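*Asks:* Generate a structure from the sequence data that follows.
(2 chains)
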Amino acid sequence: MRAVRRYLRSPAAVIGLALLALVVGVALAAPLAFPGDPLGLAGRPLQWPGANPRFPLGTDPSGRDIAAQIFHGARTSLLIGGVATAVSLGIGIGVGAAAGFYGGWMDDALMRVTEAFQTLPGFLLLLVLVAVFGSAIATVTLAIGIVSWPATARLTRAEFLTLRSREFVQSCRTLGMGNARIMLREILPNALPPVIVYAGVVMASSILLESALAFLNLSDPNIASWGNLIGAGKGVLRVQWYVSAIPGIAILLTVLAVSLVGQGLNDALNPRLEGRG
Amino acid sequence: MRVLTLAGRRLLASLPTLLIILAGLFLLLQLAPGDTVDALMAQMGGGDPAMMAQLRSFYGLDATVPVQLGRYLLRLLSFNLGYSAIYGKPVATVIAERLPATLLLMVSSLGFAFAGGVALGVVAARRINRWPDTLISTVGLIFYATPSFWLGLMGIVVFAVRLGWLPPGGLEEVGAGHAGARRALDMALHLLLPTATLSLIFLATYLRIMRAAMLEVMGQDFIRTARAKGLSETAVVVRHALRNAMLPMVTLLGLQVGNLLGGSVVVESVFALPGLGRLAYEAVVQRDLNTLLGIVFVSALLVIAANFAVDVLYARLDPRIPGER
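*Replies:* Predicted structure coming up:
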C-alpha cells in the first residue's frame, strides 16, 4: 500500500498510468468502434483529416481509414510488446537464474552466449531472424523476444549470485529442498522486483523494434500496425505528411506511457533511491 | 603499457564470442528456405536444374552443412568474406564501399549524443528539481520514446520540404562536381538531419546517465574538500566532478556502438544513405547470405574494437584501475 501511495505521489508516473490506460482503452474499443477490417478499402485515398466527417483522421494512400488502423494498431503494439516482453523475461530469467545459481562452467558457458548476443547489434539479428523465419506476427514477436533478453539475464544472474549464499538458502538446503524448488520458490521471488521494473524498458523497446520492422516492410503486412502505416505514408510525405505523422504520435505516446509507468514503479519499489531523483 | 596488456587480454577473450556468433548465424541461415542460387534464379526468371546444380557447386552450396561452416570459418581467418552473387563482387569490396558512410554517420551521431548528453546532464544535475531539470528530463523522455525513423521523416517534412534548408536525403549532391572543402560542406549538410535523427535517442540515454552520475559524484567527500579549498563552483564541476562522472558514460559508449549500428539500418533507409545498414536491409530482402554474414562479421568486429578502445580510454580516465590481474 505504501508503494501505491508513493507511486501516486509522482506526477510523471500518474500521467504515464493515465496514458497507458488510454492506449489500453483504445485497443479494447477497436472492435467496437471499427468492427470492419481496418485494412479494407474504406473510401477515396488521401483525404486530409477532417475533410470528410466519416474519416476523422483521413485516409492513407490505399484508401484505408487511418483512425481504424490507429485503433487496431494499438492492439498490435500492446500485444507484440507484451508477448515479446514475456518471452524475453522468460529466456532472460531462465538463463540468468541457471548461470547465477549453479556458477562454474554453466555460468561461463551461458555468459559467453549472452555476450555473443550483446556483441551482435540487436536490430541486425532481428533482420536475420525475420529473413530466415518469415514475418508472420507470431514469428516477429518471438524474434523480438529473442533479441532482447541479455540484459534481463545479467540482472537476474547478479541477483541470484548475491542471494544464493544467503542464510535462508542455506537453511532450505538443511531442510533437504531440491535445487529446482530453492530456485523457483525461494530465490526467484526475492530476485524478481528489479527484473519486473526492467520489464518496462524491455516493453518500450519491443514496441519500437516492431514499429521499425513494420516501417521497413519486414513485419506482417496483413495486420494493422502503426509502423506499417508510417511506411505507407513515406511515399506521399511531401504533401500528405499526416499519413506518417499520426501513427508516429501514437507510438510516441505509447512508449512514453510504458516508460513513465516503469520509472514510476522503480521509484515506488526502490524507496532507497528516493530524493536522488 | 599495463593498460594495453589488460585491454589486449579482454580482446582475446572476445574471440570465442565472435566464434559463437558466426557459427550460430551460419547454422541459423541454413534454416532459411531457399539459398542464393534460388534467389538468383528468381531474379533471372527461372533456369534449368542442370545450371542450378552447376551454380550450387560453383558457390560451394552442395557440400554438407558442417563442411560449409568449416570452410566459412577458415575463409574468415584470412579476411576472405566470400563473393556476393547479387552484387557480382567480393563481399569485402561491397562492404568496404558502404562502410565509410556508416562510420561517418556513427561517429558524428555518437559525438553529438555524447557532447549533448554531458552538457544537458550537467545542467540538469546542477539545477535538480527546478525548471531546467524538469524541462531537460521531460524532453529526454520524449526523445527516448520517439521512433527514430518517424523523427527522420518529420525532419524531412519540416527542414527539407517546408523550409527547404536541408537536402532530404543522399550523401552528397550527385553530379554537382564539388571538390575539397566545398564537397565536405555539402556532405556535412546532407548528414545533419540523419545525425540528429540517429543521435537523439542516444542523447536521451546519455543525459539520464550523466545526470545520475553527476548527482552521485557531487555528494562525495572530495567535492566538499574542493569547495572548502575555496575553488569556484565552475572549477569544482569541470575539474573535479566531470572527470569522475564521465566513467559510466564511457562504459555506455562501448555498449551503444551495437545499438547505433542497428539504428543506422533504419535511418539510412529513411535518408537513402549508401551505408552498411541499408546494405544489410537489401541483403535480407535479396537473400544474399554471404553479404549478410559479412556485415554481421564486420559489425561484431566494430563492436569489439569499440569496446577495446573504451577499455583503454577508461584506464586513462581512472588511474585507480590496475593494469595487473
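*Asks:* Once you drop chain neighbours, what's closest to the residue in the stretch 51-200 of chain A positioned nearest to chain B?
*Replies:* Closest contact between the stretch 51-200 of chain A and chain B, by CB to the nearest CB, is at A:Phe123 (2.9 Å). Backbone N, C-alpha and C define where each C-beta goes, glycine included. Nearest-residue entry for A:Phe123: B:Gly262, 2.9 Å, with adjacent residues in sequence omitted and distances by CB to CB, 6 or more residues apart in numbering or on different chains.
*Asks:* What would the lowest-mean-pLDDT helix or strand in chain A look like as CSV? C-alpha coordinates only.
*Replies:* Least confident helix or strand, chain A: helix A:2-9 with a mean of 81, by mean pLDDT, DSSP states H and E. C-alpha atoms of helix A:2-9 as CSV (Å, rounded to 0.1, in the frame of the first residue of the first chain):
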residue,chain,number,x,y,z
ARG,A,2,2.8,2.4,0.8
ALA,A,3,4.3,1.6,-2.6
VAL,A,4,1.0,2.6,-4.2
ARG,A,5,0.9,5.9,-2.3
ARG,A,6,4.5,6.5,-3.3
TYR,A,7,3.6,5.8,-6.9
LEU,A,8,0.7,8.1,-7.0
ARG,A,9,2.8,10.9,-5.4
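*Asks:* what's the following helix or strand after the longest helix that chain B contains?
*Replies:* The single longest helix within chain B, with elements called by DSSP state H, is helix B:181-218. Using DSSP states H and E, the helix or strand that follows helix B:181-218 in sequence is helix B:221-228.
*Asks:* right, quick check: that next one against chain A, any contact?
*Replies:* No - judged by CB under 8 Å from any CB of the partner chain, helix B:221-228 stays clear of chain A, getting no closer than 15.5 Å.
*Asks:* which residues are contacting that helix?
*Replies:* Helix B:221-228 has contacts (CB atoms under 8 Å, 6 or more residues apart in numbering or on different chains) with B:217, B:233, B:235-236, B:239-241.
*Asks:* what's the least confident helix or strand of chain A packed up against?
*Replies:* helix A:242-269 (3 or more CB pairs under 8 Å, 6 or more residues apart in numbering or on different chains; DSSP states H and E).
*Asks:* mind running it again at 10 Å?
*Replies:* If you count contacts as 3 or more CB pairs under 10 Å, 6 or more residues apart in numbering or on different chains; DSSP states H and E, helix A:2-9 packs onto helix A:11-33, helix A:242-269.
*Asks:* The first one - what's its average pLDDT?
*Replies:* Yep, that's helix A:11-33 we're talking about. In this model, helix A:11-33 has a mean pLDDT of 87.
*Asks:* Going by neighbour count, which residues of that helix are buried?
*Replies:* By neighbour count on 16 or more other CB atoms under 10 Å in any protein chain shown, the buried set for helix A:11-33 is A:12-13, A:16-17, A:19-20, A:23, A:26-27, A:30.
*Asks:* hang on, B:Val157 packs against A:Ser244?
*Replies:* Yes - under the criterion of CB atoms under 10 Å, B:Val157 makes contact with A:Ser244 at 8.1 Å.
*Asks:* For the two, list the residues in contact with both.
*Replies:* Listed as contacting both B:Val157 and A:Ser244 by CB atoms under 10 Å, 6 or more residues apart in numbering or on different chains are A:Leu237.
*Asks:* which of those two has more neighbours?
*Replies:* A:Ser244 (25 against 19; other CB atoms under 10 Å in any protein chain shown).
*Asks:* Pull the contacting residues for the more buried one.
*Replies:* A:Ser244 neighbours (CB under 10 Å, 6+ apart): A:60, A:215, A:229-237, B:149-150, B:153-154, B:156-157.
*Asks:* same thing but 6 Å
*Replies:* By CB atoms under 6 Å, 6 or more residues apart in numbering or on different chains, A:Ser244 lies in contact with A:230, A:233, B:153.
*Asks:* In TSV: those residues, plus neighbour count and distance to B:Leu69.
*Replies:* Below are the contacts of A:Ser244 laid out as TSV (neighbours: other CB atoms under 10 Å in any protein chain shown; distance: CB to CB, whole Å):
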residue	neighbour count	distance to B:Leu69
A:Ile230	26	39
A:Gly233	25	43
B:Leu153	25	41
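*Asks:* closest to A:His72 among those?
*Replies:* A:Ile230 (15.0 Å; CB to CB).
*Asks:* Tell me if I'm right that that closest one and A:Ala245 touch.
*Replies:* No - if you go by CB atoms under 6 Å, A:Ile230 and A:Ala245 don't touch, sitting 8.7 Å apart.
*Asks:* can you give me the helices in the chain?
*Replies:* Just going to use chain A. A:2-9, A:11-33, A:66-102, A:104-119, A:122-133, A:137-147, A:150-163, A:167-174, A:179-181, A:188-215, A:226-234, A:242-269.
*Asks:* nope, chain B
*Replies:* B:2-30, B:36-44, B:49-58, B:65-77, B:91-126, B:131-145, B:148-155, B:181-218, B:221-228, B:233-235, B:242-270, B:276-286, B:289-317.
*Asks:* so which of those gets nearest A:Ile137?
*Replies:* helix B:276-286 (18.0 Å).
*Asks:* Give me the angle between that closest one and helix B:91-126.
*Replies:* 130 degrees (axes from the mean of the first three to the mean of the last three CA atoms, to 10 degrees).
*Asks:* Name the residues that touch helix B:276-286?
*Replies:* Counting by CB under 6 Å, 6+ apart, A:124, A:127, A:131, B:86, B:98-99, B:102, B:264-265, B:268-269, B:291-292, B:295 sit against helix B:276-286.
*Asks:* Please consider this matter closed, and thank you.
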